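A.B. asks: Structural data only, the sequence is not supplied:
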């Protein structure tokens, strides 16, 4: 057989190779070129490793002749398999969503009301997932004063403020209020690490896309909203809050709650 360079073999393959009746016809095409091309596209397994004699109808391997005109039945099924795989993945994702406790296909995260979160207004309700992926609404705490704090793991002042909120949380059950954290413009992994490092035990939800933060007009964390038992925003504190200020606003909320109850 005449010596052929790889470039000539490739051009020859393009010009002479035909696919007809689900069978590759290699009209005098060097068999090694055909098989390597087929192997590269995953049409056949790379089992033909011996040297090939050009122009012969078969491949000599272990003293036996293997037919080199392999079938391309796999080619016609590749798109179908890909489609089936894609549909299977989508179905698994939908099933996992439906089976997640406390969620449903119709559950929408984010703001549930479109009111301004200003002092004197009712705090707009929202729904976000906590670190255990359980949906929590702000209105779930209705009937108790709430300290709603927006923070982030990348925020320096927040790292100073969070231990104070955790300390206040330890007295929350006894005094009858709730510390509720919203991690805004952040991701779940970073917040999980932060919560573990500083031992946060008060409820924290993830506002990854900052939709709730924008609705509450949080320019940048930290931001703290003091909400009474009826859901009315009483005070808004931008920036890091100090221990004395935190206690003063908590006392104010609790005194108002006691006066309303009387």
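C.D. replies: Cool, got the structure. All of these numbers come straight from a predicted model, not from anything done at the bench.
A.B. asks: Please, where are all the helices along this protein?
C.D. replies: 6-16, 31-40, 73-99, 156-169, 172-175, 188-197, 211-215, 243-261 (DSSP state H).
A.B. asks: between those, which has the poorest average model confidence?
C.D. replies: Out of the helices of the chain, the stretch the model trusts least by mean pLDDT is helix 31-40, with a mean of 44.
A.B. asks: Flag the shaky bits of the stretch 101-250 of the chain, pLDDT-wise.
C.D. replies: For the stretch 101-250 of the chain, applying pLDDT under 70 flags the ranges 101-107.
A.B. asks: Strands along that one, start to end?
C.D. replies: Residue ranges of the strands in the stretch 101-250 of the chain, as given by DSSP state E, counting those that start in this stretch, are 110-111, 126-129, 135-137, 146-151, 178-184, 204-207, 223-227, 233-238.
A.B. asks: Figure out which of those strands is closest to residue 172.
C.D. replies: Shortest distance between residue 172 and these, using Cβ to Cβ, is found for strand 178-184: 5.7 Å. C-beta coordinates here come from the backbone N, C-alpha and C atoms, glycine included.
A.B. asks: Can you tell me the strand partners of that closest one and which way each runs?
C.D. replies: strand 146-151 (parallel), strand 204-207 (parallel) (DSSP bridges).
A.B. asks: Deepest-packed of those strands, please.
C.D. replies: When you average the neighbours per residue for each of the strands paired with strand 178-184 (mean count of other Cβ atoms under 10 Å), strand 146-151 leads with a mean of 25.
A.B. asks: relative to strand 223-227, how tilted is it?
C.D. replies: In this structure, strand 146-151 runs at an angle of 170 degrees to strand 223-227, with axes from the mean of the first three to the mean of the last three Cα atoms, to 10 degrees as the basis.
A.B. asks: Strand 146-151 to helix 156-169, inter-axis angle?
C.D. replies: Taking the same axes, to 10 degrees, strand 146-151 and helix 156-169 form an angle of 150 degrees between their directions.
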